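Enquirer: Give the three-dimensional model of this entry:
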Amino acid sequence: MKANESLYKQVQHMKVGEVITVPVDRYSYNTARRYASDFGLAFDRRYSCHIDRPSRTYIITRLS
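Expert: Okay, here's the model as predicted:
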């Protein structure tokens, strides 16, 4: 994750197939899912969000 850019901006500018890894101590899972859901609805995009417990991160993937 880019340190100088907000998660909101990163999700907004994702390309198809791009993946963002977010540390759990930086954002809540609900925040990450909400951004993906909001952009998916507004711009007809699909995202996948899941938790990687061993690395303590959330992973957001743009599908379309």
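Enquirer: Run through the neighbouring helices and strands of the top helix by length along the chain.
Expert: Ranked by residue count under DSSP state H, the longest helix found in the chain is helix 29-43. Helix 29-43 makes packing contacts with helix 7-12, strand 47-52, strand 57-62 when contacts are defined by 3 or more Cβ pairs under 8 Å, 6 or more residues apart in numbering; DSSP states H and E. For every residue, glycine as well, the C-beta is placed using N, CA and C.
Enquirer: residues making contact with that helix?
Expert: Counting contacts by Cβ atoms under 8 Å, 6 or more residues apart in numbering, the residues outside helix 29-43 that touch it are 7-8, 11-12, 22, 45-47, 49, 51, 58, 60.
Enquirer: could those go into a markdown table alongside pLDDT and neighbour count?
Expert: As requested, the contacts of helix 29-43 are exported to a markdown table (pLDDT from 0 to 100; neighbours: other Cβ atoms under 10 Å):
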| residue | pLDDT | neighbour count |
| --- | --- | --- |
| 7 | 90 | 19 |
| 8 | 90 | 14 |
| 11 | 93 | 24 |
| 12 | 91 | 15 |
| 22 | 92 | 21 |
| 45 | 95 | 16 |
| 46 | 96 | 12 |
| 47 | 96 | 20 |
| 49 | 95 | 18 |
| 51 | 95 | 12 |
| 58 | 95 | 24 |
| 60 | 96 | 22 |
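Enquirer: now these in CSV, with distance to residue 38?
Expert: Shown next, in CSV, are these (distance: Cβ to Cβ, whole Å):
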residue, distance to residue 38
7, 12
8, 9
11, 9
12, 9
22, 16
45, 10
46, 13
47, 10
49, 12
51, 19
58, 16
60, 12
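Enquirer: Just flag the most distant two among those.
Expert: Across the contacts of helix 29-43, the two members that end up farthest from each other (Cβ to Cβ) are 12 and 51, 21.8 Å apart.
Enquirer: circling back to that earlier point, I'd like the helices and strands packed on helix 29-43 laid out as a markdown table, including distance to residue 26.
Expert: A markdown table is the format used below for these (distance: least, Cβ to Cβ, whole Å):
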| stretch | distance to residue 26 |
| --- | --- |
| helix 7-12 | 8 |
| strand 47-52 | 14 |
| strand 57-62 | 9 |
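Enquirer: All good on my end, thank you.
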